[in-house]
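In: Requesting a structural model of the entry that follows:
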Amino acid sequence: NPQIRWWLVAERKYIKAPIGIAPFRGEQFVSRTLDISKTGAFIESQGVHHLNLGEKINLSLKLGTLQQLQLQAEVVRFQDEGEGFGVHFQEMNQQQRKILDRYLQTIH
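Out: So this is what the prediction gives:
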């Protein structure tokens, strides 16, 4: 069911992009993505930082050398081995979508 498993619908691009994570409660930390799509990302965590399923977070995604995208996301899944966690982007405006789409088109 695509509504339940939304991350399987959008094409993933496997890229290790720097990302800043700022939970609404707790300490900020920096990590990197393992993959990104139009609807979300999988972020490396190595089990170091504690987030909860359903938690809302702010992200600062570095796109290339000159651009950063500020997004809100929800934590939607965890990797069993503590490798990382999946997020679903929330409330993206048209400009944010355009920037992300353009960036994803440049990745092969």
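
In: how about the most centrally placed residue in the chain, what does it touch?
Out: The C-alpha lying nearest the average C-alpha coordinate of the chain belongs to Ala41 (C-alpha atoms, centre = their mean; 3.3 Å). For Ala41, the contact set (C-beta atoms under 8 Å, 6 or more residues apart in numbering) comprises 19, 33, 35, 59, 61, 73, 86-87, 89. (C-beta placed from N, C-alpha, C; glycine too.)

In: Most neighbours among these, which one is it?
Out: Neighbour counts for these (other C-beta atoms under 10 Å) peak at Val87, which has 27 neighbours.

In: Show me what the host helix or strand of that one is in contact with.
Out: Under the criterion of DSSP states H and E, Val87 resides in strand 84-90. With contacts defined as C-beta under 8 Å, 6+ apart, strand 84-90 is touched by 6-7, 31, 34, 39-46, 51, 56-57, 59, 71-79.

In: ok, the longest strand along the chain: who's next to it in the sheet?
Out: Longest strand in the chain by number of residues (criterion: DSSP state E): strand 67-78. Paired neighbours of strand 67-78 in the sheet (DSSP bridges): strand 56-63 (antiparallel), strand 84-90 (antiparallel).

In: Figure out which of those strands is closest to Glu11.
Out: Taking C-beta to C-beta, strand 84-90 is the member of these nearest to Glu11, at 14.6 Å.

In: circling back: output the strands paired with strand 67-78 in JSON lines, with mean pLDDT appended to each entry.
Out: Below are those laid out as JSON lines (pLDDT from 0 to 100):
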{"stretch": "strand 56-63", "mean pLDDT": "94"}
{"stretch": "strand 84-90", "mean pLDDT": "93"}
